[in-house]
Structure formats: structure tokens, C-alpha cells
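Sequence plus the predicted model coming up.
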Amino acid sequence: MSLLRYSGRRVVQAIPVLLGVVAITFTLINAAPGNPVEIMLGPSPNQAAVETLKAKYGLDQPLHVRFWKYLVNLVQLDMGRSIYYDAPVTTKIAQRLPQTILLMVSSFAFAIATAVPLGVISAKRRNKPTDHVTRIVSLVGVSTPSFWIGLVLILLFSYNLGVLPATNLVMPWAHPSNVTGASTRLGVLYVAGAHLLLPMLSLGTLQMAAITRIERSSMLEVLSDDYVRLARAYGVTERTILRKHAFRNAQLPVITIIGLQLTTAIGGAVLTETVFEINGMGRLIVSSISRQDFPVVMGTTFVFALVFVVGVILTDISYAYIDPRVSYGDQE
Amino acid sequence: MATTHSDSETLGGESVEDFDESEQSVEARVGWRYTLAQVRKDPTAFAGFIIIAVASVVALVTTIDAVVFEYLAQYQVFAQFGVEKYWLAKTIWMSPTAEPAGTPTLLPPVGMENTFGQGTWAHPLGTDDRGRDILLRLIYGTRIAILVGVLATAIGLVGGMVIGAVSGYYGGWTDDVLMRLAETLYAIPFLVLVLAFIAAFGRSITFAMVGVGVASIPKFARLIRSRVVSVREDEYVEAAKAAGVRDRNIILRHVIPNSFAPVLVQATLQVGTAIIIIAGLSFLGFGIQPPTPSWGQMLSVSRNYMIQNPWFSVWPGLCILVTVVAFNMFGDGLRDALDPRLNN
């Protein structure tokens, strides 16, 4: 029950933060020197046309009225109309979000699946060759721009070896008739996997390296704790200590880092989508900035913040699930 | 990314210090000399320091070259001696025939061959799409990376220091308001916040740099605040208060200097992060505009010529990698030196 209460409290706490996010992006975008109407109509426009367009996008009203309207609409999942596409922003985002989510979820899955064992092995064999190699790999991993990893992967696997596609992304749930090179559901999955592999590695390497580093240091800390030494003194085998006593406790900081890594992962996704020409949220925000399509920039910024906040709440809840002290403390 | 460890301040909503109290007192007792000696004993940290030093010298020389010699060239002062823009760089790093007119474009690195011809020592790393020497442009890119990375971090550091110190020292509603604001800024993913900033103010390296700086303020503010809250209770602050020292002087003379060690570690790591972010912005076309050479912008151009000259895409990334690794190695070494728990 306390876990449920705790989760509820975290969700409620997120509301003012999200309100603040809308306020900040709204202020930023409205501080912009360029007026979207002028951009649409070009230099020295017809005054009547300016007025009609301003009325269409509600730009003729004072700022606080527009902000209130934007908030009210946002609650009803209306983020205004895109100037460039002349379509609701929500529709554009709904089209683009699945690609970005697929990319991020797969890269985190890859990162966690590789980083956790790597970190544990590295801590277990501290200062042995395996540990040194892991540390070097993770240091290089956190220091490499994800988009460059993407470029090098394309050079290697698409151009030199010609085994994996470099651009676009096929969604695994796409209909076979829309996918070239696939005639069955299984074929679509195969094609989708092949397309996803390089972007996933490109984005996942950074997360993998960051999680490996924290997993290693966390395991080292736990392995030197008194209760582990006591277990050793009792003659418990290293294997059992690692599996039963140390591992679970060492995961707490790792969970926190996974949540916080979301912010770099979202930034990485923007760049990875550009490198692999994936039509996701990242490319949407980048192209909308170039076109000064401000409703879309605001909408995508908000959705990215929402993804991050939801991710952090989920990691906080799983933290409380593993460590009940967090939610017990909440009841007092 | 590069700031993994220091990000662990918040565990499940609770504040957990990366640096515990014992470290603070040890650091205060032995001071900076001890710290620097520790860093020198650590070969990785020292290697990082050397790379940073070399890159800084390169950045300084190229800045002088680009600014001073461009200025001189305007007035034809040294034109008769053959002194022009890039003269320093050419005489130090390049053969005099670095940019001969009419050379074929996109030459490969020395010892390799592609459709444009054979790589020669005149262009050790090959040429770009306009026949410009890649090595020379990489050297010039160092200037942007170091300068912009350090300046962006400085903006975040100073902003975070002011907000964090005020927030932590006064507490109460000031603290509440400032920290909620920091939390809100923190909720927008870093690159997305910088992109929104650029969307509002326009695409230029100045706004990109300020954007990265502003976006990193919450991180510094939270770190400094947590230090200040613990330093505030120390006896010497109480003594200063009793002696009638003004709040501003207590913050500047006592609170900030005594909270600075972990902040320095964070700042070193943040320079690496800023370099990657700014390279990414230039890659997207929102940072450095051509023809000014920068690593991110070179990578962006190289994408169009990956078949003709694949090496073009490799070099700028390697430069970013080496520089950022250096900042991370130095920052990690600094942290280890400041944190005696790990020195066993």
C-alpha cells in the first residue's frame, strides 16, 4: 500500500514541474525575435493578411491570455497547429513518437543487458586484465559522441561490409505489404531488427558505458561492506555472496543512473535520428527549428520533458520497490 | 554521460552526498598542493592533464593566429613577408605548400588511394570537399572545442554558484523558489533545452554556448547548494557571523571556497560533456557556421562524402574522443585525489 501511496505522490509532484516546463518553453519561444507570421508571408506583407493569420494562430491576444489558452488546450491534448505542415501538432507527434520510443527502449535494453554483467565481472576481478579492459571501454564509451559512433558504424557495416542498412527504420508491427524485402510477419521482424541494430548500438553505447561505470563502483562498495565480510567469514562461497547478498543491494544507484541517463539518451536520440535518417521526434524538433515552426518546437519540447519525467518516476518507483525504506519513510 | 558519478546525488528523491564529511575535513587540512601531488601520481589523470594542456596551447596559438593575423592581413602590414591568416599554424604544423590552388578535392590520407588520387604528405590526413587540408582544419577546430567548451562550463559554473550559494545559505522560501526552478529546468532534457534556446534566439555559436551554459546551471546549483548547506553549519561560519561579517562576504570568503572541491571535479567533467553537446549542435547545423572549422561541423559535411572519402568522417570524431577522454581522465583523477575512501 505504501508503495502505491508513494507512486501517487511522485506523480502528483510531477505536475508543477511539467507546468513549469510549459511556462519556460512558452516564455522562451515567445521571446523569439522572429514572428512566425512574418516568416510565413515573407518581407513587407499585406497588413490585412497579417491580421487574419495572427487571428488564426491567436497571436493577436496578450501573452498571459495565450499562455492560459495553451495550458487549457494542452490538458485536452491540443498543442495547436503546425505552421509548416498545417496539421495539429499532436497528430505529427503521434506519428513520430513510436520511432523515438522504439529507438530508446531498444538501446536501453541493449545497454542494461551488457552493462550489468560487465560491471559485475569488472568489480569481481578488480585490477585484473578484464577489469582494465572494461574500464577503458567504458571510459571511451562515455567520451564518444553517439552520432560519431553512428557514422563509423555506417562506414563499417553499411559501406564497407554491406551487411546492414544505414538509413530509415522499419517498425516491427508494420504490415508486410508496406515493407520491402518482407512478405510475412516474421520477415518484417527480421527487416526491422536489421534496421534497428546500428541505431541501437549507436545510441546504446553511451548508456552502456555509463551504467557499467556505476555498476562497477556500486558493486565494489557493496562487496567491501561489513555484512559481506561477515558472510565471507562464515564461509559463504563468493558465488553465493555475489548472487544472493551483494547484487541486489548494488542495483540501487544503478537504477537512479538509468533514470538520469534518460536525459542524455533523449539528446542522443535527436542526433542518432539525424544520422540514420529516422523520422522520429528528434528530427521533427530539428527541422521545426529550422522552419521556425514554433508550435511544433513547443510541443516536442514538452513531450520530451514528459518522457523524461515519466522515466524518472518509473525509476523512482522501482527504487522504492527494491528498497522499501523509501516508501516507508513516506508514510511518516 | 561523463558525469555519471556526480549524478548520483539524488537516490530515490533523497539527497545522498557523493563526497562525505571526512573527505571535506581531510581536504581542508592538506589543501590543494596535496591534491595536485595525488593527481600527478595517478598516470591516467596526469595523461589527461597533458592532453588538456597541449590542446589548450593549440587553441591559444590558433586563436592568436586567426584573430591577430586576420587583423594584420586586413591592413596589409605583413603581407610583403608572406604573413597571412593561418600563417602560424602553417609554419608550425604544415608544409608551406599546404593549400596549393586547384588541387583535386577529397584526397585520401597519406599512403591511400581513392578516385581523386593518391594521398601525399602535403595533406597527411587528406582533404575535404573543397580541397582544404583536413589536418589544418582539425587543428583549428581545437580552438572552438576548448574555448566554447570551457566558456559554456564557466557560464554554468558561475550561474550555478550564485544560485546554489544564495539558495543554500539563506534557505527558506528563497531556497524553495530557486530549487523548484532548477528542478523544472532539469526536467527538460539537456539537448532539447539547448535546442529550444536556439529556436528562440537564433542559430549561432554564441547562443549555442550560452544555451549549453544555462542548461548546465541546475546541475551546478544543486551540487553547490548541497555543499553550502553543510558548510553553513560549520563553526568558522558561525564565528564570522558572530563577528558581524556581512552575509555577502561570508558567502564569498568562507562558504564558496570551502564548497569548491567537488564543484571543480564536476566542472572538469562538464567541459567534456559541453564539448560533445556543442559538437552535436554543430553537427545539426545549429552551432559553428561554415567556413569556420569545427569538429562537429566537419563531421556534418563529411556525412555527404562517406563513399568518396570515408576517412573524412573518422578524424574529427577521433579528435572529440581524445579531448573528452582527457577531460574525463583528469576529472576522475581529481575526484579520486579528493576522495580518500578510494585511495586504498
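Structure's in. What do you need?

Roughly how far does B:Phe220 sit from A:Asp293?
33 Å (Cβ to Cβ, to the nearest Å). C-beta here means a position set from N, CA and C on the backbone, and glycine is covered the same way.

so who does the most centrally placed residue in chain A touch?
A centroid search over chain A (Cα atoms, centre = their mean) returns A:Ile266, at 3.7 Å, as the residue closest to the centre. Residues counted as contacts of A:Ile266 (Cβ atoms under 8 Å, 6 or more residues apart in numbering or on different chains) are A:104, A:304, A:307-308, B:189, B:191-192.

Buried residues of the helix or strand where it lies, list them for me.
Per DSSP states H and E, A:Ile266 falls inside helix A:247-275. Neighbour counts over helix A:247-275 (16 or more other Cβ atoms under 10 Å in any protein chain shown) mark A:249-275 as buried.

what's the helix or strand that that helix is followed by packed up against?
Downstream of helix A:247-275, the first helix or strand assigned by DSSP H and E is helix A:281-290. Helix A:281-290 is packed against helix A:89-124, helix A:247-275, helix A:294-322, helix B:190-201, with contacts defined by 3 or more Cβ pairs under 8 Å, 6 or more residues apart in numbering or on different chains; DSSP states H and E.

would you turn those into JSON lines with mean pLDDT and distance to A:Ser202?
Formatted as JSON lines, those follow (pLDDT from 0 to 100; distance: least, Cβ to Cβ, whole Å):
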{"stretch": "helix A:89-124", "mean pLDDT": "92", "distance to A:Ser202": "8"}
{"stretch": "helix A:247-275", "mean pLDDT": "88", "distance to A:Ser202": "5"}
{"stretch": "helix A:294-322", "mean pLDDT": "89", "distance to A:Ser202": "19"}
{"stretch": "helix B:190-201", "mean pLDDT": "89", "distance to A:Ser202": "15"}
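
Tell me the residue of the stretch 151-300 of chain A that sits nearest chain B?
A:Gly267 (3.0 Å; Cβ to the nearest Cβ).

didn't that residue look like it was pressed against B:Ile277?
Yes. Counting by Cβ atoms under 8 Å, A:Gly267 touches B:Ile277, with 7.2 Å between them.

which neighbours do those two share?
Common neighbours of A:Gly267 and B:Ile277 (Cβ under 8 Å, 6+ apart) are B:190-191.

so A:Val65 is in which element?
Assessed by DSSP H and E, A:Val65 sits inside helix A:63-75.

List the buried residues of the strand or helix carrying B:Thr323.
Using DSSP H and E, B:Thr323 sits within helix B:311-338. Buried positions in helix B:311-338, judged by neighbour count with 16+ other Cβ under 10 Å: B:311-317, B:319-321, B:323-338.

Now do the helix or strand where A:Ser217 lies: which elements does it pack against?
Following DSSP H and E, the helix or strand that holds A:Ser217 is helix A:185-223. Packing contacts for helix A:185-223, counted by 3+ Cβ pairs under 8 Å, 6+ apart, involve helix A:89-124, helix A:129-143, helix A:146-153, helix A:247-275.

Check which residues of it are buried.
Using 16+ other Cβ under 10 Å as the test for burial, helix A:185-223 gives A:188-192, A:195-223.

just the angle between the following helix or strand past that helix and helix A:247-275, please?
Per DSSP H and E, helix A:185-223 leads on to helix A:226-233 as the next helix or strand towards the C-terminus. Counting by axes from the mean of the first three to the mean of the last three Cα atoms, to 10 degrees, helix A:226-233 lies at 120 degrees to helix A:247-275.

What would the helix holding A:Val65 look like as CSV? C-alpha coordinates only.
The C-alpha coordinates for helix A:63-75 follow below in CSV (Å, rounded to 0.1, in the frame of the first residue of the first chain):
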residue,chain,number,x,y,z
LEU,A,63,0.7,36.9,-23.7
HIS,A,64,-0.9,35.7,-20.4
VAL,A,65,-4.2,35.0,-22.3
ARG,A,66,-2.3,32.9,-24.8
PHE,A,67,-0.5,31.1,-22.1
TRP,A,68,-3.7,30.2,-20.3
LYS,A,69,-5.3,29.1,-23.5
TYR,A,70,-2.3,27.0,-24.3
LEU,A,71,-2.5,25.3,-20.9
VAL,A,72,-6.2,24.6,-21.2
ASN,A,73,-5.7,23.2,-24.7
LEU,A,74,-2.8,21.1,-23.6
VAL,A,75,-4.8,19.4,-20.9
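
what about the helices in the stretch 101-250 of chain B?
Counting by DSSP state H, counting those that start in this stretch, the stretch 101-250 of chain B has helices at residues B:134-170, B:172-187, B:190-201, B:205-215, B:217-232, B:235-242, B:247-249.

which of those sits most buried?
helix B:190-201 (a mean of 25; mean count of other Cβ atoms under 10 Å in any protein chain shown).

name the helices or strands packed onto that one?
helix A:2-30, helix A:247-275, helix A:281-290, helix A:294-322, helix B:205-215, helix B:256-284.

can you tell which of these is closest to B:Ala243?
helix B:256-284 (16.9 Å; Cβ to Cβ).

distance between the closest one and the chain's centre?
The gap between where helix B:256-284 is centred and where its chain is centred comes out at 5 Å by Cα atoms, centre = their mean, to the nearest Å.

That concludes my questions; thank you for your assistance.
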